[in-house]
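A.B. asks: take a look and give me a structure for this.
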Amino acid sequence: MEQGELVELYIERLQEQRLVGHIYKGRVANVLPGMQAAFVNIGLQKNAFLYVDDALENIAGIDATPENFTKASAIRDVVKQGQAVVVQISKEHFGNKGARITRHITLPGRLVVLMPTVDYVGISRRIPRGTAREELKALVDELRPEGMGVIARTMAEGCTRQELKRDIDFLHHLWLSIRRKAKESKAPALLHTDLTLLYRVIRDSFDEDVTRLVVDDQAEYEAVRQLLADISPDLVERVHLFSMDRPVFDFLGIESQVERITNRRVWLKSGGYIVIDHTEALTVIDVNTGKFVGSTRLADTVLKTNLEAAQIIARQLRLRNIGGIIVVDFIDMEEEEHRRQVLAVLSQELSRDKTKSAVLGLTHLGLVEITRQKVNQGLAEFLQKDCPTCGGSGKVLTEETAAIRIENQLRQFLSLTEEEAVLVAVHPGTAAMLIGVNGKSLEKLEENTGKKIYVRGDSSLRPDEYALVVSGTAAAVQSAALPVSPGEIHTVLIEGKHNSKSGDGIARMDGFVLQVADAAPLKGTRVAVEITRVYKTFARAKLVSQAN
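C.D. replies: Got it, this is the predicted structure:
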């Protein structure tokens with residue numbers, strides 16, 4: 001959280017463990033020269049994808065790649081079908097796509113990242129240029145294992161030689177253990193798993209800039225303090241145990257913010273809003289003034305809305321973990337200085353993001369293209385699934401359109417059967433359109449097909465589908481289609497007001513509609529009713545007494 005606002009949220013569930021960072025010994029299942037890639041069996045449900053540039057890394061003594069190979073090499077010259085390779089997952093699987101893997105292994109520690117397959121020294125771009133940066137680079141270069149690469153992380157700034165050496169030595173010994181296991185294991189095999197969520201947060205995010213780390217589990221609290229006592233003693237007192245009865249997210253006001261993460265529309269404090277839409281190829285964000293009309297000239301109103309939107313957009317990208325290509329449609333700005341200000345605020349806000357991102361400029365139409373590294377699933381994909389009714393499109397057929405389609409399907413089906421009658425179940429909204437006013441549409445369909453047709457409402461069905469319940473002789477189907485008879489007493493739930501008469505209520509028995517006289521005020525109540533008259537598509541009833 002930053003200034004009381006939730007800016008990053010990480011979720012890990014035991015049954016859906018994060019795979020990025022895991023190291024495997026896999027076997028090349030097939031090589032695709034046309035795609036310059038290979039698929040590798042690493043023991044997961046789907047084979048992982050290895051692109052040629054990610055396949056060039058050299059792991060001496062395990063699956064060495066000849067040094068004369070370059071990025072221009074063909075995939076079939078780099079790996080062969082059946083070859084064993086040591087790989088690391090760099091991107092989670094998404095949808096129908098398998099995980100993306102690389103032979104460029106990275107082992108992150110708290111202060112440095114060890115890269116056993118390259119000979120390189122790097123310094124975090126967050127460490128400012130100057131003498132201290134150059135001294136850190138020289139020290140890391142001196143301490144790194146021969147022939148291996150090391151990147152100093154932001155937390156390495158100001159650390160002592162002993163602290164850096166301890167981190168590098170630990171990762172080096174870890175790598176030697178992975179190498180040893182790789183030589184002894186038969187592919188496919190898991191060689192190394194990354195840390196669990198809490199300990200990744202300690203490793204990657206908990207530094208001097210963080211004022212508090214709140215943990216709501218006694219055992220984890222003690223384990224975190226013990227770990228920090230070894231690696232960063234000065235941070236131990238910033239860890240707090242939350243022991244109240246209410247949930248910590250609720251107490252800190254986080255839960256309400258989490259609930260809004262999947263909202264398509266995000267309101268700005270000024271009264272404007274942004275709309276976030278996802279497609280397979282990119283994410284589109286639209287900026288609108290909404291209720292904000294300003295108090296001076298239009299250009300100033302547009303600028304204020306766009307500046308506020310730029311801040312919120314950067315936060316939403318982090319919060320929702322949106323990656324890939326993002327296109328933002330800002331409100332058109334005529335003045336070049338205003339465009340520059342918006343881009344500057346957007347870039348500044350994105351600089352807080354530890355995930356690599358870039359702002360590629362603003363067009364005259366107000367469109368900004370942003371790229372953000374996509375490693376894990378976005379939160380919307382993690383928290384939600386496609387609607388079973390619309391299939392993720394956000395749209396369904398109108399009841400009238402659905403009724404026309406089902407009517408055409410019934411015509412075709414009834415023309416092929418010798419049965420006298422059928423009972424079909426359809427969605428209640430579609431059933432009303434299929435039956436028509438006073439049953440006229442259903443009567444016409446019966447005339448055209450020469451069959452007796454009974455319709456029953458079933459809310460479990462999509463508006464555009466139907467189910468055949470019973471078919472057979474007219475007498476047999478009528479018996480099944482009409483579940484009530486005059487004089488019977490039934491206890492039913494009044495669902496609402498009946499359309500044909502304002503005072504009457506509507507209830508259902510097995511999808512069959514009951515029109516209950518004067519029962520509209522009893523919506524949501526279970527009552528006893530007596531059936532007074534039965535029709536083909538509904539029955540009339542009167543109140544007997546109110547049930548418990």
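A.B. asks: quick one: contacts for the residue nearest the centre of the chain?
C.D. replies: Geometric centre of the chain, nearest residue: residue 381, 1.3 Å, by CA atoms, centre = their mean. Residue 381 makes contact with residue 94, according to CB atoms under 8 Å, 6 or more residues apart in numbering. Every C-beta, even on glycine, is put in place using the N, C-alpha and C of the backbone.
A.B. asks: let's see that with 7 Å instead.
C.D. replies: Contacts for residue 381 (CB atoms under 7 Å, 6 or more residues apart in numbering) come out as none.
A.B. asks: also the one 5 residues further on?
C.D. replies: Neighbour list for residue 386: residue 392 [criterion: CB under 7 Å, 6+ apart].
A.B. asks: and it, that one's in a helix?
C.D. replies: No: assessed with DSSP: H, G, I helix; E, B strand; the rest coil, residue 386 is coil; it does not lie in a helix.
A.B. asks: next, the residue nearest to the centre of the chain: phi, psi?
C.D. replies: Main-chain torsions, residue 381, degrees, to the nearest 10: phi -70, psi -30.
A.B. asks: what pLDDT does it get?
C.D. replies: Looking at residue 381, its pLDDT reads 76.
A.B. asks: distance of residue 315 from residue 352?
C.D. replies: From residue 315 across to residue 352, the span is 9 Å (CB to CB, to the nearest Å).
A.B. asks: residue 223: helix or strand, and which one exactly?
C.D. replies: Under the criterion of DSSP states H and E, residue 223 resides in helix 218-231.
A.B. asks: export that helix as PDB, just CAs?
C.D. replies: What follows is helix 218-231, C-alpha atoms only, in PDB (Å, rounded to 0.1, in the frame of the first residue of the first chain):
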ATOM      1  CA  GLN A 218       1.800 -16.200  14.600                       C
ATOM      2  CA  ALA A 219       4.000 -18.900  13.100                       C
ATOM      3  CA  GLU A 220       4.700 -17.000   9.900                       C
ATOM      4  CA  TYR A 221       5.400 -13.800  12.000                       C
ATOM      5  CA  GLU A 222       8.100 -15.500  14.000                       C
ATOM      6  CA  ALA A 223       9.600 -17.200  10.900                       C
ATOM      7  CA  VAL A 224       9.800 -13.800   9.100                       C
ATOM      8  CA  ARG A 225      11.500 -12.100  12.100                       C
ATOM      9  CA  GLN A 226      14.000 -15.000  12.300                       C
ATOM     10  CA  LEU A 227      14.800 -14.700   8.600                       C
ATOM     11  CA  LEU A 228      15.200 -10.900   8.800                       C
ATOM     12  CA  ALA A 229      17.500 -11.300  11.900                       C
ATOM     13  CA  ASP A 230      19.900 -13.200   9.600                       C
ATOM     14  CA  ILE A 231      19.700 -11.100   6.400                       C
END
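A.B. asks: so which bits of it are buried?
C.D. replies: Under the neighbour-count criterion of 16 or more other CB atoms under 10 Å, helix 218-231 has 221, 224, 225, 227, 228, 231 buried.
A.B. asks: what's next to that helix, contact-wise?
C.D. replies: If you take CB under 7 Å, 6+ apart as the criterion, helix 218-231 is touched by 110, 198, 202, 215, 235, 236, 239, 241.
A.B. asks: I'd like the next helix or strand past that helix.
C.D. replies: Following helix 218-231 in sequence order, the next helix or strand is strand 239-241 (DSSP H and E).
A.B. asks: quick one: list the elements packing against that following strand.
C.D. replies: Applying 3 or more CB pairs under 7 Å, 6 or more residues apart in numbering; DSSP states H and E, one finds that strand 239-241 makes contact with strand 213-215, helix 218-231.
A.B. asks: neighbouring contacts of that strand?
C.D. replies: Strand 239-241 is contacted from outside by 212, 213, 214, 215, 218, 221, 224, 225, 228, using CB under 7 Å, 6+ apart.
A.B. asks: identify the farthest-apart pair in those residues.
C.D. replies: Across those, the two members that end up farthest from each other (CB to CB) are 212 and 218, 17.4 Å apart.
A.B. asks: residue 420: which of the helices and strands packed on strand 239-241 is closest?
C.D. replies: helix 218-231 (69.0 Å).
A.B. asks: circling back: who has more neighbours, residue 315 and residue 352?
C.D. replies: Comparing residue 315 with residue 352 by other CB atoms under 10 Å, the one with more neighbours is residue 315, at 20 against 12.
A.B. asks: hang on, isn't that one packed against residue 7?
C.D. replies: Yes: judged on CB atoms under 7 Å, residue 315 makes contact with residue 7 at a distance of 5.6 Å.
A.B. asks: re earlier: any chance of JSON lines for the buried residues of helix 218-231, columns distance to residue 441?
C.D. replies: Conversion of those to JSON lines gives the following (distance: CB to CB, whole Å):
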{"residue": "221", "distance to residue 441": "67"}
{"residue": "224", "distance to residue 441": "67"}
{"residue": "225", "distance to residue 441": "72"}
{"residue": "227", "distance to residue 441": "71"}
{"residue": "228", "distance to residue 441": "72"}
{"residue": "231", "distance to residue 441": "74"}
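A.B. asks: including pLDDT, could the residues you listed go into CSV?
C.D. replies: Below are the buried residues of helix 218-231 laid out as CSV (pLDDT from 0 to 100):
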residue, pLDDT
221, 93
224, 92
225, 92
227, 86
228, 88
231, 80
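A.B. asks: closest to residue 506 out of those?
C.D. replies: Nearest to residue 506 among the buried residues of helix 218-231 is residue 221, at 55.8 Å by CB to CB.
A.B. asks: please identify the buried residues of the lowest-mean-pLDDT helix or strand in the chain?
C.D. replies: Ranked by mean pLDDT, DSSP states H and E, the weakest helix or strand in the chain is helix 379-383, scoring a mean of 79. Going by neighbour count (16+ other CB under 10 Å), the buried part of helix 379-383 is 379, 380, 381, 382.
A.B. asks: can you check stretch 267-282 too?
C.D. replies: Neighbour-count burial for stretch 267-282, counted by 16+ other CB under 10 Å, picks out 268, 270, 272, 273, 274, 276, 278.
A.B. asks: so which residues make contact with it?
C.D. replies: With contact meaning CB under 7 Å, 6+ apart, stretch 267-282 is reached by 264-266, 283-292, 304-305, 308-309, 312-313, 316, 324-327, 380.
A.B. asks: out of those residues, which are buried?
C.D. replies: By neighbour count, with 16+ other CB under 10 Å, the contacts of stretch 267-282 hold 266, 283-289, 292, 304-305, 308-309, 312-313, 316, 324, 326-327, 380 as buried.
A.B. asks: domain parsing of this protein, as residue ranges.
C.D. replies: Listed by automatic domain parsing, the domain ranges of the chain are 197-255, 260-383, 399-481, 489-546.
A.B. asks: need those in JSON lines (columns: distance to residue 142).
C.D. replies: Listed next are those as JSON lines, based on distance: least, CB to CB, whole Å:
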{"stretch": "domain 197-255", "distance to residue 142": "21"}
{"stretch": "domain 260-383", "distance to residue 142": "27"}
{"stretch": "domain 399-481", "distance to residue 142": "67"}
{"stretch": "domain 489-546", "distance to residue 142": "76"}
